[in-house]
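In: When you get a sec, could you give me coordinates for this:
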Amino acid sequence: MENKTLRSFRISLRSMEQLEALRNVMESGQLDFEINRIYVTSDLVLESEPSLILCEDIRKYLPQVEWILSLPEILREDDEAYLDHVKAFILQNSLFSGVLVGNLEGLGYFSKHPEIKIYGDHNLYLWNSGAVDAMKDKLSGGCLPLELRGQEQKSLLSGNFDWDKLVYGRIPMMVTANCLAKTMEGCQRSLEKKEPVSLIDRMDKRFPVLLNCAHCYNVIYNTVPLSLHGELWKYEGKASLRIQMTTEGKEETIRILRYFLTSHIEEQKPPYQDYTTGHEKRGVE
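Out: Down below sits the predicted model:
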């Protein structure tokens, strides 16, 4: 029998469709496990008032959940005004209490503002106990690095640190300032609706590409999502399990959330045919 008290989830969302999907799932009330934190990309919340209203709607179903803004993967010197905006928004808003950072620029900026919580993402350097010790005074928690094997990740769990474990989500293969859309068809910054972009390799595999025109960079994702649906029990009571949405639409997000947030997941087939377990069993040598 599964111990529901040991399995808790954190959800990462980056689009209105994904927020709507979470609201629909919460309205259904058919969940077996706790959600204790929700990450929402800062660009979405700061640029769209309807997204903030939607977050407030979701809070009615999850009054105890912690809400965190996910910062851009790349920050440059001229993004300081943007970070000032994020800081002011958090201090003036009762919903969001902190930021998720994946780079030292974001960490350095918000380290000067101890009233705002900082969580390290999987691409912040937290590969070993020494790195964690060096940063833990600045961080309220972090995400286990995707480059490490599962066994190597477990060695980090022995310390007193609040960890996320990514169990679903597309892994970024590359973050680049060389914009694919601009190279192919021209800059899409001024377009109201941006066309989807992807890379196709010689094996006809499609790599989805996130265009972040506000900060002028791309994220190239793996062709299939990471999915550790068969490994969840290994981290129960040791880390919160993160479901990270990237390119998923509303209906796909609903199916994935319902799959992970209901009991006996190990006995069911996932709502996607292809997936990878990443470095869980191999890692960096």
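In: from here on, contacts and neighbour counts on C-alpha atoms
Out: OK.
In: and the helix or strand Pro50 falls within, what does it pack onto?
Out: Taking DSSP states H and E as the definition, one finds Pro50 inside helix 49-59. With contacts taken as 3 or more CA pairs under 8 Å, 6 or more residues apart in numbering; DSSP states H and E, helix 49-59 sits against helix 16-28, helix 42-47.
In: hang on, Cys187 packs against Ala181?
Out: Yes. At 6.3 Å, Cys187 and Ala181 qualify as touching, with contact defined as CA atoms under 8 Å.
In: List the contacts of the helix holding Pro50.
Out: The contact list for helix 49-59, computed with CA atoms under 8 Å, 6 or more residues apart in numbering, reads 16, 19-20, 22-23, 26, 44-45, 65, 95.
In: any idea which helix or strand comes after that helix?
Out: Scanning the chain past helix 49-59 towards its C-terminal end, the next helix or strand to appear is strand 66-70 (assignment: DSSP H and E).
In: Need the residues that contact the helix or strand following that next one.
Out: If you walk from strand 66-70 toward the C-terminus, the next helix or strand you reach (DSSP H and E) is helix 80-92. The contact list for helix 80-92, computed with CA under 8 Å, 6+ apart, reads 42, 46, 96-98, 109, 116.
In: export the contacts of helix 49-59 to TSV and tack on distance to Arg255?
Out: As requested, these are exported to TSV (distance: CA to CA, whole Å):
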residue	distance to Arg255
Met16	16
Leu19	13
Glu20	13
Leu22	10
Arg23	13
Met26	13
Leu44	22
Val45	24
Val65	21
Leu95	26
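In: For Leu124, state which of the residues you listed is nearest.
Out: The shortest approach to Leu124 among the contacts of helix 49-59 belongs to Leu44, at 21.7 Å (CA to CA).
In: contacting residues around the closest one?
Out: The contact partners of Leu44, taken as CA under 8 Å, 6+ apart, are 14-16, 51.
In: cool, Ala21 as well?
Out: For Ala21, the set of contacting residues under the criterion of CA under 8 Å, 6+ apart consists of 250-251, 253-254.
In: how far out from the middle of the chain is stretch 250-259?
Out: With CA atoms, centre = their mean, to the nearest Å as the basis, stretch 250-259 stands 16 Å off its chain's centre.
In: try stretch 101-118
Out: 17 Å.
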